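>>> Generate a structure from the sequence data that follows.
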Amino acid sequence: MGNPRVAIVDYGMSNLKSVVHMFGRLSVQSRVVTRPSELDFATHIVIPGVGSFAQAMTNLTANGWPERIVAKKNEPNVSVLGICLGMQLLASWGTEGGDVRGLDLIPGKVMRMSVKEKQRLPHMGWNQVEVSPMHPGGKAIFKEIPESSDFYFVHSYRFVPAQSEDVLGMTSYGEGFVSCVMRERVLGLQFHPEKSSRNGAQLIKNFLDL
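Below is the predicted model:
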């Protein structure tokens, strides 16, 4: 992992304790940041989140986060990870609470999931992630993780990428949905790696190697 310096973005809509604890277990330097200027030290930026897309973007925009995150992402050797709602915020647009512009780091739109009869929303619990054999980042991000491994989900909305090349993983629930996206050094995970036991921890180690 080298010597990663992790910034965990606090914009008032996430349970940061479990994310901070995850990096602590990995003996990785991490810092919760509350102002965009605090991103300067980071090699890896983590955007967690629980709640509404519209409210999250309101909070981020009010404090100047989008511009700083985009600028930081364009620096050499800086990687970005979005977790759950944080993955959805990477999209161009979200529909939860109206049509709202996202960070637009990975082109696409966030829409409410469609489920089959007797299936419930939110989609909650453990479910398999099938890694796309076509994505060049699959082997690196899922290194040392068994095929079709389970990860822990809690969500009612799904990321629909504009380009199939950005799809890193799929999960079967309802009509099926994209559970991982990746473009260059920007990674989005619909599931919670910090709640996904050993496989979640290994995936974070792999992300830190980017």
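>>> Helices along the protein, start to end?
Per DSSP state H, the chain carries helices over the ranges 16-25, 53-62, 65-73, 85-89, 138-141, 197-208.
>>> Just say which of these is most tucked in.
Of the helices of the chain, the one with the most neighbours on average (mean count of other Cβ atoms under 10 Å) is helix 85-89, at a mean of 27. C-beta here means a position set from N, CA and C on the backbone, and glycine is covered the same way.
>>> Please state the offset of that one from the chain centre?
Computed by Cα atoms, centre = their mean, to the nearest Å, the chain-centroid distance of helix 85-89 equals 6 Å.
>>> Show residues contacting it.
Contact with helix 85-89 is made by 13-14, 46-51, 53, 56-57, 60, 82, 94, 102-103, 110, 155, 157, 159, 181, 188-190, as judged by Cβ atoms under 8 Å, 6 or more residues apart in numbering.
>>> before we move on, the earlier item: so for residue 165, which of the helices of the chain sits nearest?
With Cβ to Cβ as the criterion, residue 165 lies closest to helix 138-141 of those, at 12.0 Å.
>>> Mind giving me the packing neighbours of the closest one?
Counting contacts by 3 or more Cβ pairs under 8 Å, 6 or more residues apart in numbering; DSSP states H and E, helix 138-141 packs against strand 167-171, helix 197-208.
>>> Save the ones you listed as CSV, and put in distance to residue 87 too.
Formatted as CSV, those follow (distance: least, Cβ to Cβ, whole Å):
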stretch, distance to residue 87
strand 167-171, 11
helix 197-208, 13
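>>> who wins for proximity to residue 41 among those?
Taking Cβ to Cβ, helix 197-208 is the member of these nearest to residue 41, at 15.1 Å.
>>> Not counting that closest one itself, show me its contacts.
Applying Cβ under 8 Å, 6+ apart, the external contacts of helix 197-208 come out as 1-2, 4, 6, 22-23, 25-26, 28, 44, 79, 81, 140-146, 149-152, 187, 189, 191-194, 196.
>>> Quick check on those residues: which are buried?
4, 6, 22-23, 26, 28, 44, 79, 81, 141-142, 145, 149-152, 187, 189, 191-194, 196 (16 or more other Cβ atoms under 10 Å).
>>> Look up which residues are beta-bridged to the closest residue to residue 86 other than its chain neighbours.
Of all residues not flanking residue 86 in the chain, residue 47 sits nearest, at 3.7 Å (Cβ to Cβ, 6 or more residues apart in numbering). Taking DSSP bridges as the rule, residue 47 bridges to residue 82.
>>> who's in contact with residue 47?
Going by Cβ under 8 Å, 6+ apart, residue 47 touches 9, 69, 80, 81, 82, 83, 86, 89, 90.
>>> ok so, going back, which of the helices and strands packed on helix 138-141 sits closest to residue 119?
Residue 119 lies closest, by Cβ to Cβ, to one member of these: strand 167-171, at 12.9 Å.
>>> surely residue 93 meets residue 103?
No: in this structure, residue 93 is not within contact of residue 103 by Cβ atoms under 8 Å, at 10.5 Å.
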